[in-house]
Structures are given as structure tokens and as C-alpha cells.
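Q: Below are the sequence and a predicted model for it; my questions follow.
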Amino acid sequence: MTTTTLAVLVPLLPFLGAAAGLLLGRTAPGFVRPLAVLPPLTSLVLAVLVAVRQGGGGQAIDASTELTPTGSIPIELALHIDGFAALVAVLVGVVATCVQIYSTGYLRDDPRYPSYAALVSLFTSAMLLVVYSGDLIVLLVGWEVMGICSYFLVGHYWETPEARAASIKAFLVTKLGDVPFLIGLFALATDAGSFQITTVLDTVASGGLHHPTLIALLLLAGVAGKSALFPLHTWLPDAMAGPTPVSALIHAATMVAAGIYFVARLLPVFQASSAAMVVLAVMAAVTMAGSGLAALAQDDIKRVLAYSTIGQLGYMAGALAVGDRGAAVFHLLAHGAFKALLFLAAGVIIHASGTNSLAVMTRMKDLRARVPDAYWTMTVALLALAAIPPFSGFFSKEAVLGAAEHVATGHTEHAPGAAGWIVLVAGLITAVLTAAYATRLWLLAFRGRGAEAPDHGRQPLTMTVVLWVLAVPSLAFGLAYGPLPDWFDGRDLTPVLTTSVLGTGLALVGGLVTYGAWRHTSAMAAARVPMGAVVAHPDADAGAVEAEAIALHEQAFGDVAYAADPADPGRLLLGPLHRHAAVGFHLDAVYTALFVRPVQAGAVLVRFLDREVVDTYVRGAGALPRWLGAAVRRAQTGNVQTYVSALLAGTVVLVVAALLVATGA
């Protein structure tokens with residue numbers, strides 16, 4: 001079988017699995033789980049074969065066929081598989097397969113599991129189409145299919161208002177970016193004379209783009225929406241209302257990775273405009289630092305991880321802003337493994353504790369003993385997230401910082417020096433914040449004191465095995481920096497001494513300071529509310545434990561919000577900034593004031609004009625004939641004498657009128 005045929009089957013199999021799952025979900029429920037797991041698993045095997053045949057440093061795999069005549073700019077079903085695409089497809093296959101296997105246990109009693117599994121397969125197929133596509137319009141199809149799949153998956157628990165609101169918000173915010181993105185694609189194809197990626201890149205290399213800055217900024221709007229970069233990142237934390245495996249899929253290998261991958265694939269387009277590169281650097285810097293502060297103030301464990309994803313996407317965007325797509329994709333791959341592990345481990349913790357709240361978990365002792373697999377694997381993933389050597393996150397994040405330092409010190413002309421300094425400074429600040437919120441999450445979740453953690457029995461084997469599978473790349477993938485340059489345009493990914501020492505030192509400082517703050521705040525909280533006071537019956541559920549903890553907390557601290565627990569080191573570290581960071585620095589409120597309320601006011605005005613002005617004319621147009629009809633109807637009495645009298649009266653009037661006319665003549 002040819003490599004091209006294998007590549008076509010990679011996105012096709014999950015699509016067929018999704019279609020079959022939807023058709024057989026009700027009539028043959030026994031086939032649902034095999035149809036959920038086997039297609040992405042087979043696609044993973046085929047993606048590995050494609051990657052091996054492509055060979056990284058070898059010639060890219062290109063194939064195309066014209067879909068239909070479209071005039072001067074053809075649309076083609078094209079493949080363009082280089083080292084980047086081959087590796088990202090493997091990542092998508094690994095995470096999607098792990099998510100589907102994990103979901104068979106996590107959602108085993110969910111009545112809507114068949115549709116859920118089918119949508120996850122369709123989501124996977126759409127992302128693989130984006131990765132392998134060699135034509136921008138076909139890429140756009142996968143891009144938009146992911147958007148609609150995220151709408152349904154985030155809103156899976158549609159009975160809850162949070163899930164409904166989150167799904168609508170995710171859809172609308174990403175569509176807000178997709179409108180200029182579509183315009184940018186058309187402008188790019190107009191300048192290049194083709195939607196084919198290879199032709200576009202050749203046009204850029206020859207200086208054929210007439211409006212590089214405008215095109216790059218339009219495309220960045222779509223990337224900001226899809227990859228949750230500032231200022232269109234606000235949908236991602238709210239998307240946590242969906243099932244935890246969906247969060248792992250969206251945050252690790254699909255959706256948010258799509259925008260970063262798109263910029264990496266078309267990086268020369270953005271490098272054609274220095275202004276666009278600086279804008280991307282600023283977006284990356286604000287995204288990194290702002291999300292780190294917000295993560296340090298969140299109580300929901302999934303929202304901590306959501307803001308963490310935003311920050312790591314900022315690192316990837318920063319690498320692209322300094323012209324190093326090798327570092328960006330390296331971090332995308334490493335992050336995909338440990339972030340999927342973080343979310344799936346969080347799902348096990350939530351399943352065991354019965355709550356998402358870190359403030360409640362910290363009042364449960366021995367939670368780590370209840371979920372040993374999640375404890376150890378999440379510890380590995382958090383160390384990778386904090387970029388502690390030798391875990392994978394250290395090597396990939398160091399590649400980003402090293403690339404930024406290289407540009408900042410003027411050793412390359414691939415990007416403006418200002419972009420290098422912006423990314424480097426923001427990246428180092430974020431290194432401190434990342435280690436701080438990772439340490440905080442670990443301490444609050446696993447070092448709690450108080451009531452016995454609820455015992456819901458052992459987790460399904462399908463959930464725990466997946467955690468250990470993902471722990472392997474989280475620990476060891478970074479060591480692949482040696483052979484990976486063959487896949488990344490020959491870019492050397494060896495850690496740089498300066499940024500390695502700075503980044504690791506700052507991460508250790510962030511972790512140690514957070515640990516010290518936790519010790520201090522725990523002692524203060526224990527003095528005011530004895531942690532052992534929260535004692536639940538062994539059969540009590542987590543809700544009862546949480547209710548008792550809240551009651552004791554309110555008794556001791558009055559109106560202080562329970563989520564802003566004084567035992568939380570984030571509260572001490574952030575100080576007065578805590579309440580602002582907890583709500584994402586009020587960006588949603590700003591958007592409500594600037595966009596939502598004006599639109600609502602406009603809608604009220606339009607409704608008023610429609611009802612009171614337009615409808616008045618419509619009602620008037622119908623009233624006049626009705627009045628005339630009523631007048632004529634009154635004349636039709638059916639009385640012959642009345643008709644004869646009217647006829648005689650009319651005759652008299654006509655005679656008099658005729659005489660007057662004759663006399664006047």
C-alpha cells in the first residue's frame with residue numbers, strides 16, 4: 001500500500017467510525033465501544049507508518065487532485081506531509097485513542113455515550129484533516145468541523161446551564177475569529193493564485209505577497225480564537241463544563257493545537273511582516289503572564305489546567321513569534337502528552353473525591369491513597385508542566401526560551417529583536433508562575449487534612465492504564481531532542497546553558513515560595529478552623545463533606561468566599577490581585593460592556609422599530625381598505641326602496657350638474 005493511500009486512510013477511518021457509531025448507537029449498542037476505540041487506534045498505527053516512511057528529513061509527501069472547477073483559483077484535495085505533520089498526526093492519534101479508551105470507563109453509565117463517542121471520532125478526523133491537508137480550503141473544512149464538534153461536546157451535559165452557556169460561548173468566540181480568518185485565506189489565495197500550501201509558500205519566498213501585514217493579522221485573529229490566545233482566550237476556561245476526557249482532547253491534541261500548527265505550517269507568511277511578528281509576540285506575552293496569574297487563583301482543578309493550557313499555548317506562539325517553528329512544535333508535542341495526562345488524572349481525582357473544588361479537596365486527608373495511579377502520574381505531569389529536568393516540559397520549554405534569547409541577542413534575522421525580548425522576559429516570568437500554580441495544585445489536591453476522603457472503590461482499569469501510558473512520554477519525550485532535528489528543519493534543540501539555568505532556577509523559586517506560603521497559610525487556617533472538625537460518616541458523599549466544610553468556613557470567616565480559602569497559598573501570593581485574577585481580570589465583563597450590551601441594546605431598538613414603526617405601516621395598510629369596506633358594506637342594506645331613492649338622488653344630482661355646465665357654457 002502506498003504512503004499516499006495510508007495517509008488518506010488516517011483521517012478517513014475515524015470519520016467512518018463516527019458515522020457507523022451514530023447509525024448503530026441505538027440499534028446495536030454492543031458495537032459502540034469497539035467503533036469508538038478501533039478506528040482511532042488503527043489511524044494511530046497508520047500515522048506511525050506514514051511518519052516512518054516520511055522519515056522526517058526526507059522529501060515531503062505531496063499529492064493532489066482537483067475537486068471541481070472553481071475558476072481562476074482551484075480547490076484541490078491535496079496532501080502535504082512533512083516532518084511536522086507526520087509527528088503531530090501521531091500525537092493526535094495517541095491522545096484520541098487514549099481519550100476513547102478512558103471514556104469507556106469514565107462515561108460507562110452515560111446514556112448519551114454513543115453520540116459522545118461518535119463526536120470524539122469526528123473531532124479526531126477533522127484535526128487529522130487539518131494536519132495532513134495541503135489545500136487551505138480543505139484545511140478550513142476540518143477547522144470548522146472541529147468548531148461544531150466542540151460545541152456539541154462542551155455542551156454534552158446540556159441539562160446544566162453552565163454547559164449550555166459554555167458551548168455557546170466557545171462557538172461564538174471562535175467564530176468571531178473565524179470571520180477575519182476566512183477573509184485572510186481568500187486574500188492570501190488571491191495573491192498566490194492558489195489555495196495550495198506549497199504554492200503559497202513559493203509565492204512568499206519569491207516576494208509575491210502584496211499585503212503581507214494585512215493578511216497575517218487577519219489570519220492571526222482566527223488563530224487567536226481557535227488556539228485561545230489573548231484576547232480571544234476567554235472561552236477555554238468555561239469549556240471545562242464538558243466531560244473531562246473532552247477537555248483532555250481539546251487542550252492536548254486538537255482544537256487549540258490547530259491554530260499553533262497552522263502558523264507553524266505557514267510561518268513564512270507571518271515572517272513576511274515584522275509588524276505581524278511583533279503583534280504575535282505581544283499576544284503570546286500577555287497570554288503567558290495573564291494566564292499564569294489567573295491559574296494561581298482558580299479553585300476548580302479543571303480551570304487551573306485550562307489556564308495552564310492557555311499559558312503553554314502562549315509559549316508555543318512565542319516560539320513562532322521569534323521564527324522558530326521547530327521549538328513551537330516540539331513544545332506542542334511534549335505539552336500534548338503531559339496535558340492530556342493532567343486532565344485524565346484530574347478526571348480520576350474528581351471521580352474519587354466527588355468535587356472539582358481544590359478548597360474541598362484540601363479538607364480531605366489521604367486522597368492520594370485513594371487514587372495512587374492518579375497521584376503518581378499527575379506528579380510526573382506537573383513536574384513536566386513546571387519544566388523541571390529531566391521531564392519533557394523542561395526540554396521543550398527550554399527550546400522556546402533558547403530561541404527567544406537567540407533572537408533577542410541579535411544572532412538571527414528571522415524575527416525582530418523586540419519580539420525576542422518580549423517573549424524571553426514573559427517566558428521567564430511565566431516559568432515562575434507555572435511552577436507556582438503547579439505546586440499549589442499538587443499541595444491542595446494531595447496534601448489535604450481533615451475528613452477521610454470518600455471511598456468510591458477502585459477506578460476502572462481503562463482509566464488507570466491510560467494514565468501510565470501517557471506518563472511515559474511526559475517523562476521521556478524531552479530526551480528525544482537529539483534525533484528530532486531531522487524532523488524539524490535541522491533546528492538544534494539542545495538546551496542552552498543560560499536559559500536552562502534561568503528557567504529552572506526560577507521554576508524552583510516559584511515552587512519553593514508556593515510551598516512556604518502553603519505551610520504558612522495552612523498553619524493560620526488550622527489555628528482558626530481545626531481541619532479535623534470536618535468529619536463525615538464513611539458513607540457520606542462528597543457533597544455532605546463540602547457542605548459541612550462550607551458551614552464551618554462561614555462560621556469562622558463570615559462572608560469571605562469559600563473558594564478564596566485562607567489555606568490557599570495563591571491567596572497569599574497574589575494579595576489584592578487574587579480576586580481580579582480569579583475572574584480572569586474581568587475580561588468577560590469588559591466584553592459584555594463593549595460588545596454584548598451594545599448588541600443587546602441594538603436588538604431592543606430594532607424590535608421597537610419593527611413593532612412600533614414597521615408594524616404600524618403594515619397595520620395601517622390593512623386598516624384603510626377595511627374602513628372603506630365597512631363604509632361600502634353599510635350602503636348595501638338590501639332594501640329596494642333605499643336603492644331607488646339613491647338612484648333618484650343621483651339622477652337629480654347629475655341633471656343639476658349638467659344644467660350648471662350648460663348654463664356656464
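A: Happy to help now that I have it.

Q: mind listing what Ala404 touches?
A: Gly318, Ala319, Val322, Gly420, Trp421, Val423, Leu424, Gly427, Thr499 (CB atoms under 8 Å, 6 or more residues apart in numbering). Heads up, the C-betas are built off the backbone N, CA and C, glycines and all.

Q: Please enumerate the strands of the stretch 51-200 of the chain.
A: 61-68, 75-81 (DSSP state E, counting those that start in this stretch).

Q: by contact count, what packs against the first one?
A: Contact analysis of strand 61-68 by 3 or more CB pairs under 8 Å, 6 or more residues apart in numbering; DSSP states H and E lists helix 3-24, helix 32-54, strand 75-81 as its packing neighbours.

Q: For the stretch 501-650 of the chain, just list every one of the strands.
A: Using DSSP E, counting those that start in this stretch, strands in the stretch 501-650 of the chain do not occur.

Q: show me where pLDDT drops low in it?
A: The stretch 501-650 of the chain contains residues with pLDDT under 70 at 525-566.

Q: Over to the stretch 351-500 of the chain?
A: In the stretch 351-500 of the chain (pLDDT under 70), the answer is 456-457.

Q: re the thing from before, tabulate the strands of the stretch 51-200 of the chain in JSON lines, adding columns for mean neighbour count, mean pLDDT and distance to Phe152.
A: What follows is the strands of the stretch 51-200 of the chain, written out as JSON lines (neighbours: other CB atoms under 10 Å; pLDDT from 0 to 100; distance: least, CB to CB, whole Å):
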{"stretch": "strand 61-68", "mean neighbour count": "14", "mean pLDDT": "83", "distance to Phe152": "27"}
{"stretch": "strand 75-81", "mean neighbour count": "22", "mean pLDDT": "89", "distance to Phe152": "26"}
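
Q: now those as JSON lines including distance to Leu172?
A: Below are the strands of the stretch 51-200 of the chain laid out as JSON lines (distance: least, CB to CB, whole Å):
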{"stretch": "strand 61-68", "distance to Leu172": "30"}
{"stretch": "strand 75-81", "distance to Leu172": "27"}
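
Q: Looking at those, which is nearest to Phe608?
A: strand 75-81 (44.4 Å; CB to CB).

Q: which outside residues touch the closest one?
A: 4, 7-8, 50, 54, 60-68, 89, 132-135, 137-138, 195-198.

Q: got the angle between it and helix 3-24?
A: 110 degrees (axes from the mean of the first three to the mean of the last three CA atoms, to 10 degrees).

Q: CA atoms only for strand 75-81, dumped as CSV, please.
A: The C-alpha trace of strand 75-81 is given here as CSV (Å, rounded to 0.1, in the frame of the first residue of the first chain):
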residue,chain,number,x,y,z
ILE,A,75,-9.6,24.0,-4.9
GLU,A,76,-7.9,20.7,-4.6
LEU,A,77,-8.0,17.6,-2.3
ALA,A,78,-4.3,17.8,-1.5
LEU,A,79,-1.9,16.2,1.0
HIS,A,80,1.3,17.9,2.2
ILE,A,81,3.1,15.8,4.8
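
Q: Off-centre distance for that strand?
A: 26 Å (CA atoms, centre = their mean, to the nearest Å).

Q: do the same with stretch 158-178
A: 11 Å.

Q: With stretch 477-495 instead?
A: 27 Å.

Q: Of the contacts of Ala404, which is the nearest to Gln271?
A: Val322 (10.3 Å).

Q: what number of residues lie near the closest one?
A: Each residue near Val322 was counted by other CB atoms under 10 Å, and the total is 32.

Q: And the one 4 residues further on, by the same measure?
A: Applying other CB under 10 Å, we find 22 residues neighbouring Gly326.
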